[in-house]
Structures are given as structure tokens and as C-alpha cells.
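Q: got a sequence here, can you model it:
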Amino acid sequence: MESIIITIDGASSTGKSSLAKAIAKHYGFKHIDSGAMYRALTFYAQDHNLLNDHKFNVDMLIAKLPTIDIDFTNADEIRLNGKIIDDEVRSMEVSSKVSLVAKEPLFRQFMVAKQRKFGEKGNVVMDGRDIGSVVFPNATIKFFLEASMKVRINRRYAELIEKGVQVSVEEVHANIAKRDHIDSSREDSPLIVPENAILLSNDKEGLTELLNIATTEIDKHLL
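A: Okay, the predicted model is just below:
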């Protein structure tokens, strides 16, 4: 099998990571959740009192970048300086601020360099907002996953409730809408449909059907 890179882009809570994990498992590839990387950086900023409702010390966070190591375990858990923080990065507190961090060009440069490093050995499935458009514009195959706002709200709400987070549907809706606006309007690497990307819809198809559609397309490149 040739060494390939598969990208899956899309807005928040469309199901990108679930599909990416399923594809990676199907082929025995490495899965990288780029959104979790930005969440890890956001959590670091909050944990070090550099980012809260009243301030965002961008310069100090930039100065700290050389000391910040973001990686994944073999089980796809996100690690920050060696500590697994999977639960912490999925909190509403992190979700409410991650787009503010992700829109800063220097942080994006920091992440893109790491993401390209992850992809050097190939056989990688990476999901995010700018993976097929910026990080790997020459990826073997690109997907763009779409879903209605209702489906996305229900997905995110169910995920948070399952984790024991007390949140309302209205709060989830507001958070997703805010992130959509920031992600699609930022100057550096805005959320777009990458060139040559295959559009997939998560409105009606379940994960099994989406996986079948995706693997059918991927298999064409493996023959």
C-alpha cells in the first residue's frame, strides 16, 4: 500500500473526528485530531491564567510556545507536556475560547508545523478546518464533511451530557454559531471547502454509511 494522507475538513460538531477515527482504524493508519491540538493550546492558556473572559495575553502565550509539547498517545488521546488531557479539552470553557486562539496567525503557524511533522511518514488521517486547504494541499484524498445546525447541536449536546457537563441546548447553539463565525471569517486559513475535496453529508447517513462512502473513494487510490 502506498503512503497516503487523507484529510477531513468541516465545521464544528459535524462528526469529522468520528469519521477520521473510523477510517484510520479501517486502514490501520494514524489519526490526528488537529482541533484537539488547538484545544490543548487553549487549555494551556487558561490553566496558566493567560486567557479568560477578561483578557487574552497573546504575547505571553507566544513566548511560552517553545515549552509547549502537544502530542497523541497510541490510543489517540491528546497529551500536553506529557499529560493526557482528553477530558479537559472537551469542556465548554475550552470550547468557548478555542476559536480565539485558533485565529491567531502565529499559533496557526506553530500548529501547521507540528501537523506536517505528524504527516511526514504518511498513512495519516487528519481532520480539522484547514487540513486539505493549507496543511496538506496535495493530500492523496480530501473530504469535506457537512451537517445541518440542528444535527450539529444535537451531536455536541449529547456528547457533553454523556460526559456529565451541565449545559443547555441554547448554550451549545450559541457556542457553535460563534465558532462558525470566527472560523469562517478569520484572515489566516479560514474554513473553506478545499480544492478537489469530496463533499459528504452527515445529516442522514450514519457513521457506517459515511465510512462505506469514504472507503470506496479511498480504495480507488490504493489500487
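
Q: middle-most residue in the chain, spatially?
A: residue 35 (2.6 Å; C-alpha atoms, centre = their mean).

Q: for it, which non-adjacent residue is closest in space?
A: Nearest residue to residue 35 in three dimensions, chain neighbours excluded: residue 128, at 5.6 Å (C-beta to C-beta, 6 or more residues apart in numbering). Any C-beta I mention is one placed from the backbone N, CA and C, and that applies to glycine too.

Q: give me the phi and psi for that neighbour.
A: Per-residue torsions, residue 128: phi 170, psi -150 (degrees, to the nearest 10).

Q: so it makes contact with residue 34?
A: Yes. Look at residue 128 against residue 34 with C-beta atoms under 8 Å: they come within range, at 3.3 Å.

Q: next up, the contacts around the residue nearest to the centre of the chain.
A: Contacts for residue 35 (C-beta atoms under 8 Å, 6 or more residues apart in numbering) come out as 12, 16-17, 98, 127-129.

Q: try it again at 10 Å.
A: 12, 16-17, 78, 89, 98, 102, 127-129, 131 (C-beta atoms under 10 Å, 6 or more residues apart in numbering).

Q: likewise residue 136?
A: Counting by C-beta under 10 Å, 6+ apart, residue 136 touches 5-7, 112, 115-116, 119, 124, 126, 130, 142, 194.

Q: quick check: the farthest pair among these?
A: 6 and 112 (17.3 Å; C-beta to C-beta).

Q: among the two, which residue is more densely surrounded?
A: Legend: neighbour count by other C-beta atoms under 10 Å for residue 6 and residue 112, higher for residue 6 (27 against 18).

Q: in the sheet, who's paired with that one?
A: residue 125, residue 141 (DSSP bridges).

Q: what comes up buried for stretch 159-170?
A: Neighbour counts over stretch 159-170 (16 or more other C-beta atoms under 10 Å) mark 160, 165, 167 as buried.
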